[in-house]
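1. From the sequence below, what's the structure:
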Amino acid sequence: MNPKIKLRKFKLSDLNRILEIEQSSFSIDAYPKERFERPAKLHLQDFIVAENQGKILGYIIAYNSSGNGDLDSIAIDPKYRKLGIGSQLVNYTIERFKKMGLKKVFLEVRTTNKKAISFFKKLGFEIKKMIKDYYRDKGNAYLMEKEI
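-> Numbering: from 1, shown residues only. From the prediction side, this is the model:
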């Protein structure tokens, strides 16, 4: 099953579905509802959802942070992983950043999240350093970066 994916800007009516995906993806680090409302209001062009036949399967929030692309959050519904949806979202975002003239994209990922680390490495990201106590529970993160 390889769903046909449409990428579009987030709408407020998407919020409950985004929260479902967030909870199923990040039980420890799931963002609260308020964390999604801010980009929805202030950075709508930076909040992109992936949908198939009206059903949201994933999202990405990524924005220009001091001249570099910042992948703030990305999640795919667990039932729809390994279908290329995450890659589509990241590649779409990188193309958008290139058009803005940005040269680098970065993100933080929990050091124990082997699947995410592998996913980003396949897309050309490299681990640049470890950030100690990055998460609320004092978990460490890797700063990953890609030249674009």
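2. for the helix or strand bottoming out on mean pLDDT in the chain, packing partners?
-> Least confident helix or strand of the chain, by mean pLDDT, DSSP states H and E, is helix 33-42 with a mean of 73. Where contact means 3 or more C-beta pairs under 8 Å, 6 or more residues apart in numbering; DSSP states H and E, helix 33-42 is packed against helix 15-25, strand 47-52, strand 55-65. Using the backbone N, CA and C atoms, a C-beta is placed for each residue, glycine as well.
3. Make a markdown table out of those and add mean pLDDT.
-> Shown next, in a markdown table, are the helices and strands packed on helix 33-42 (pLDDT from 0 to 100):
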| stretch | mean pLDDT |
| --- | --- |
| helix 15-25 | 93 |
| strand 47-52 | 96 |
| strand 55-65 | 95 |
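4. which residues make contact with stretch 37-55 from outside it?
-> For stretch 37-55, the surrounding residues in contact (C-beta atoms under 8 Å, 6 or more residues apart in numbering) are 3-10, 12, 14-15, 17-18, 36, 56-63, 72, 76, 85, 88-89, 92-93.
5. Show me just the buried residues among the residues you listed.
-> Buried by 16 or more other C-beta atoms under 10 Å: 5, 7, 10, 14, 17-18, 36, 56-63, 72, 76, 85, 88-89, 92-93, out of the contacts of stretch 37-55.
6. show me what contacts the spatially most central residue of the chain?
-> Centroid-nearest residue in the chain, with C-alpha atoms, centre = their mean: I74, separated by 2.0 Å. Taking C-beta under 8 Å, 6+ apart as the contact definition, I74 lies against G58, Y59, I60, I61, A62, G86, L89, V90.
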